[in-house]
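*Asks:* what's the 3D shape of this:
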Amino acid sequence: MLTDLPNVLTLSRVAAIPVLIVLASLRTPVGDLAACLVFAAAAITDYLDGRLARSRQQFSDLGRMLDPIADKLLVGAVLIMLAGDGRLGAWGLYPAIVIMLREILVSGLREFLAEIRVGLPVTRLAKWKTGVQMGALGMLLAGNSTAALLHISWLPVWLLGTILLWISALLTIVTGWDYLVAGLRHADGSARRKSGGEAPKIHVS
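*Replies:* Okay, here's the model as predicted:
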């Protein structure tokens with residue numbers, strides 16, 4: 001149900017998007033810090049909703065649909081906002097493009113596989129990718145202005161965020177390729193079933 005706590009937490013990520021965008025658009029140290037905190041809280045709900053769903057046995061098709069949508073909306077909105085404000089820089093723009101393209105690729109694969117009633121499991125590496133990506137975006141939202149506000153200006157927050165974004169982009173390429181190969185194998189299996197052949201067994205790890 002929509003009112004189940006895991007689904008409420010998932011929807012809170014969507015609700016957080018306009019709040020953090022407004023805060024980040026202020027372009028003030030306090031606004032950047034507040035945007036980072038809102039984003040961090042939203043990222044934590046990505047972990048909590050799945051954990052609660054498992055502990056409470058509150059699994060639903062609605063939750064499985066909403067969770068990846070909320071994640072992609074949150075990440076996409078932050079990346080576009082950072083790029084539009086020129087806060088990614090030349091070096092940060094390229095990994096952002098890779099990340100956005102991967103999200104579109106995986107969304108397309110999931111839509112196709114749903115039509116043939118095949119699920120695309122989330123791999124452990126993909127979970128690591130998400131964690132690194134969330135850390136990178138949080139740092140980029142905070143920026144060096146937050147470091148100065150907190151009197152830790154010696155810490156290159158923006159640079160660290162950019163480095164993490166590149167690491168995330170590399171993990172994105174690896175996991176995106178894994179998903180693409182798995183999707184193509186499932187597609188081939190679907191074609192074989194239609195022609196009377198035996199479908200291969202696929203396991204993505």
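
*Asks:* Show me what the helix or strand hosting Ser55 is packed against.
*Replies:* In the assignment (DSSP states H and E), Ser55 maps to helix 29-56. Under the contact criterion of 3 or more CB pairs under 8 Å, 6 or more residues apart in numbering; DSSP states H and E, helix 29-56 touches helix 5-25, helix 61-84, helix 124-149. Where you see a C-beta, it was placed from the backbone N, CA and C, and this is true even at glycine.

*Asks:* residue contacts, the residue positioned nearest the centre of the chain?
*Replies:* Centroid-nearest residue in the chain: Asp71, 4.7 Å away (criterion: CA atoms, centre = their mean). Asp71 makes contact with 13, 46, 130 under the criterion CB atoms under 8 Å, 6 or more residues apart in numbering.

*Asks:* With Val174 instead?
*Replies:* Neighbour list for Val174: Leu125 [criterion: CB under 8 Å, 6+ apart].

*Asks:* Can you read off the pLDDT for it?
*Replies:* You'll see Val174 listed with a pLDDT of 89.

*Asks:* hang on, the earlier thing: if you count neighbours, what's buried in the helix holding Ser55?
*Replies:* Of the residues in helix 29-56, 29, 31-40, 42-43, 45-46, 49-50, 52-53 count as buried by neighbour count, 16 or more other CB atoms under 10 Å.

*Asks:* before we move on, what about stretch 161-180?
*Replies:* Buried residues in stretch 161-180, counting neighbours by 16+ other CB under 10 Å, are found at 161-169, 171-173, 175-176, 179.
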